[in-house]
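no FASTA, just this:
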C-alpha cells in the first residue's frame, strides 16, 4: 500500500499537480479551493495578468462542475444502491509555463449529444466570433435545463484563447463521464 502511495505522489510530482480533488463538489469546497489556489498563485509570485486569468478560468470550471454534474446511483446493494452520489474530479497543475485545469464529472448520456454540439460550435469560432456569441447568448437569455446559458464554456474559450479539449466516456446506458482539459499558456 505505501509503495502505491509513493507511486501516486511521484506521478503527481512529475506532472506538477498543484491541487487535486475527487468527491462531492459543494459551495463550501469551491470557496476553499479558490482560496487555496489564490494563495498558491501568490506564493509562486505569478504575474498579476496570468494569476487573474488562471483564477477566472478556475472559477468557471468549478462552477460548471457544481452546477452541471448529474447525480448517479451509488454502487452497492439494498439501501446503498438507492443513494445518489454527486462525484467529480478536479486537478490543476503547471508544466512548462502552462497551467492545466482538468475536470471530470458524470452526466446523463441523453445530454451528451447536446453538450458535444455546443462545445464543437464554440470550438469552431474565432476570438471575435466568440465575443459576439457570448453577447448573443447573454442577451437572448438562453438557459440550459440546469439554469445556465452555456456562458461558462464560451468564457473559458475566450479567456484561454484555446479550443475546449473534452471527452465523453460511456459508463453505462444512462451515464457518461465528461472530462475537460483546459490549457492556459503564459
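Good, I have the coordinates. Computed from a predicted model, the values in this text were never measured in an experiment.

so where is this structure shaky, pLDDT-wise?
Where the chain drops to pLDDT under 70, the residues are 1-3, 73-86, 141-149.

tell me which stretches of it form strands.
All strands of the chain, identified by DSSP state E, fall at 17-23, 72-73, 84-85, 88-95, 98-108, 165-170, 175-185.

okay, the angle between the fourth one and strand 175-185?
Read it as strand 88-95. Angle of strand 88-95 versus strand 175-185, following axes from the mean of the first three to the mean of the last three CA atoms, to 10 degrees, is 20 degrees.

which elements pack onto strand 88-95?
strand 17-23, helix 48-68, strand 98-108 (3 or more CB pairs under 8 Å, 6 or more residues apart in numbering; DSSP states H and E). Backbone N, C-alpha and C define where each C-beta goes, glycine included.

what sits up against that strand?
If you take CB atoms under 8 Å, 6 or more residues apart in numbering as the criterion, strand 88-95 is touched by 15-25, 33, 37, 44, 58, 61-62, 65, 69, 99-106.

out of the helices and strands packed on strand 88-95, the one nearest residue 127 is which?
Among the helices and strands packed on strand 88-95, the nearest to residue 127 by CB to CB is helix 48-68 (14.4 Å).

circling back: got a markdown table for the strands of the chain, with distance to residue 52 too?
Converted to a markdown table, those look like this (distance: least, CB to CB, whole Å):
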| stretch | distance to residue 52 |
| --- | --- |
| strand 17-23 | 17 |
| strand 72-73 | 35 |
| strand 84-85 | 34 |
| strand 88-95 | 15 |
| strand 98-108 | 12 |
| strand 165-170 | 22 |
| strand 175-185 | 11 |
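
report the contact partners of residue 112.
Contacts of residue 112 by CB under 8 Å, 6+ apart are 168, 176, 178.

ok, for the last one, nearest residue in space, not its chain neighbours?
Leaving aside its chain neighbours, residue 178 sits nearest to residue 107 (4.9 Å; criterion: CB to CB, 6 or more residues apart in numbering).

the one you found pairs with what?
Beta-bridge partners of residue 107, counted by DSSP bridges, are residue 176.

residue 46 versus that one, what's the distance?
Counting by CB to CB, to the nearest Å, the gap from residue 107 to residue 46 is 32 Å.
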